[in-house]
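S.K.: here is my input; please provide its structure:
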Amino acid sequence: MRIGVAATPDVALPTLDWLLTSSHEVCCVISQPDRPAGRGREILPSPVSKWALAHGITLLRPESSEELIGVIDDLDLVITIGYGVILPKAVLRLPCHGFINLHFSLLPAYRGAAPVQRAIENGERETGVSVFALDEGMDTGPIYRSKKIPIEQVWRTEELLVALSHLGPQVIHETLSDIEKNIRPTPQSGQTSTAKKISKLEALIDWNLDAENIVRKVRAFYPAPGAWTKWRGESFKINQAHAVDVPLLPGEITLTIDGVYVGCGDSKSVALVSVVPSGKREMSAQEWARGAKLSAGAAFG
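M.R.: Numbering: from 1, shown residues only. So this is what the prediction gives:
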């Protein structure tokens, strides 16, 4: 088939790499326009744009979805993977077989922008990927294929996204075979839930929560927007932590020879592993604590 791929993040790259080795023709890549990125806010292409340029594949970066009309009409199919744009019906019906989406949850659970983050935050033990036919709803189209994966309890969003991205080639391959055989997708069924985008304010840690809840948020919100707290009036990110049975007051910080502990609302603590103080690089929690010269009664918040 003549295929287009509409994608933006690097989680699409394993599927793009597989498509180049398949019997299908990747005719074009559609990605979002170059955006400011990094601390210097330099204008940079998306990871998928870089991939297309490196492989000499036609790259489209439309400012508006309507720009695709008359451009992708001769394609058999478009695959979307984290494209980040809601497409209108007039565009969805352009390719012969429409659009399919590789979504990182077991639909209809966790429809929306942050399915991986919300699954970790809620303490799910498994998740997966689903390939469905795009319609005008928010991840509501009928499903072609899905595949489950257990969530390792030390994985953060970054690690889980990598694992899920490597399921993409298999489920996309199976879906393309289904489409070629005229096998129709199945309407979604089961318990629905949504996974709204995470704001920076939501990622602010409430030390009155129990330790396990806080640790799940740290895992879920890494790398972006990052779980954070206040230290001496400035933002302080926590990139990695685990729960321990050390009784401290909520937000209270203590440094021992074994680690750096912060009290939580259930009289237990979170052991900090890696942190990012305001304006500084990522470092171990112990390195930070030694330099911070913690005094009695030191606390976050």
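S.K.: and Asp135, helix, strand or coil?
M.R.: coil (DSSP: H, G, I helix; E, B strand; the rest coil).
S.K.: and the strands in the stretch 1-150 of the chain?
M.R.: Using DSSP state E, counting those that start in this stretch, the strands of the stretch 1-150 of the chain run over residues 2-7, 25-30, 35-37, 42-44, 59-60, 77-81, 99-103, 126-133, 143-150.
S.K.: what's the spacing between the fifth one and its chain's center?
M.R.: This means strand 59-60. Relative to its chain's centre, strand 59-60 lies at 23 Å (CA atoms, centre = their mean, to the nearest Å).
S.K.: got any ranges where the chain has weak pLDDT?
M.R.: For the chain, the stretches flagged by pLDDT under 70 are 37-41.
S.K.: domain map for it?
M.R.: By the assignment in automatic domain parsing, the chain contains the domains 2-180, 211-292.
S.K.: now distance to Leu204 and mean neighbour count too, for these, in a markdown table please.
M.R.: Any C-beta I mention is one placed from the backbone N, CA and C, and that applies to glycine too. Listed next are the domains of the chain as a markdown table, based on distance: least, CB to CB, whole Å; neighbours: other CB atoms under 10 Å:
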| stretch | distance to Leu204 | mean neighbour count |
| --- | --- | --- |
| domain 2-180 | 14 | 18 |
| domain 211-292 | 6 | 18 |
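S.K.: Ile205 is nearest to which of those?
M.R.: Checking the domains of the chain against Ile205 by CB to CB gives domain 211-292 as the closest, at 4.7 Å.
S.K.: span of that closest one from start to end?
M.R.: 23 Å (CA to CA, to the nearest Å).
S.K.: going forward, count from 557.
M.R.: Taking 557 as the first residue, the last one we looked at is domain 767-848.
S.K.: then the strand ranked longest in the chain to CSV, C-alphas only?
M.R.: Counting residues, the longest strand found in the chain (DSSP state E) is strand 790-800. Taking C-alpha atoms only, strand 790-800 is exported to CSV below (Å, rounded to 0.1, in the frame of the first residue of the first chain):
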residue,chain,number,x,y,z
GLU,A,790,12.2,27.9,44.1
SER,A,791,11.1,25.0,41.9
PHE,A,792,12.7,21.7,42.7
LYS,A,793,12.2,18.7,40.4
ILE,A,794,12.2,15.1,41.6
ASN,A,795,13.1,12.6,38.8
GLN,A,796,13.3,9.3,40.7
ALA,A,797,12.2,8.1,44.1
HIS,A,798,10.8,5.1,46.0
ALA,A,799,8.7,4.6,49.1
VAL,A,800,10.3,3.6,52.4
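S.K.: partner strands of that strand and their direction?
M.R.: Taking DSSP bridges as the criterion, strand 790-800 forms sheet pairs with strand 783-787 (antiparallel), strand 825-833 (antiparallel).
S.K.: nearest to Asn769 among the ones you listed would be which one?
M.R.: When these are compared by CB to CB, strand 825-833 sits nearest Asn769, at 9.9 Å.
S.K.: which other residues reach that closest one?
M.R.: 767, 770-771, 774, 782, 787, 790, 792-804, 815-820, 838-841, 844 (CB atoms under 8 Å, 6 or more residues apart in numbering).
S.K.: I'd like to know how far Ile699 sits from Leu648.
M.R.: Separation of Ile699 from Leu648 (CB to CB, to the nearest Å): 16 Å.
S.K.: grab the nearest non-local neighbour of Pro806.
M.R.: The spatial neighbour of Pro806 that comes closest, neighbours along the chain excluded (CB to CB, 6 or more residues apart in numbering), is Trp763 at 4.2 Å.
S.K.: just give me the neighbour total for the one you found.
M.R.: As a burial measure, Trp763 scores 21 neighbours (other CB atoms under 10 Å).
S.K.: where does it land in three-state SS?
M.R.: Relying on three-state DSSP, one would call Trp763 coil.
S.K.: not counting sequence-adjacent ones, nearest residue to Lys645?
M.R.: Glu692 (5.4 Å).
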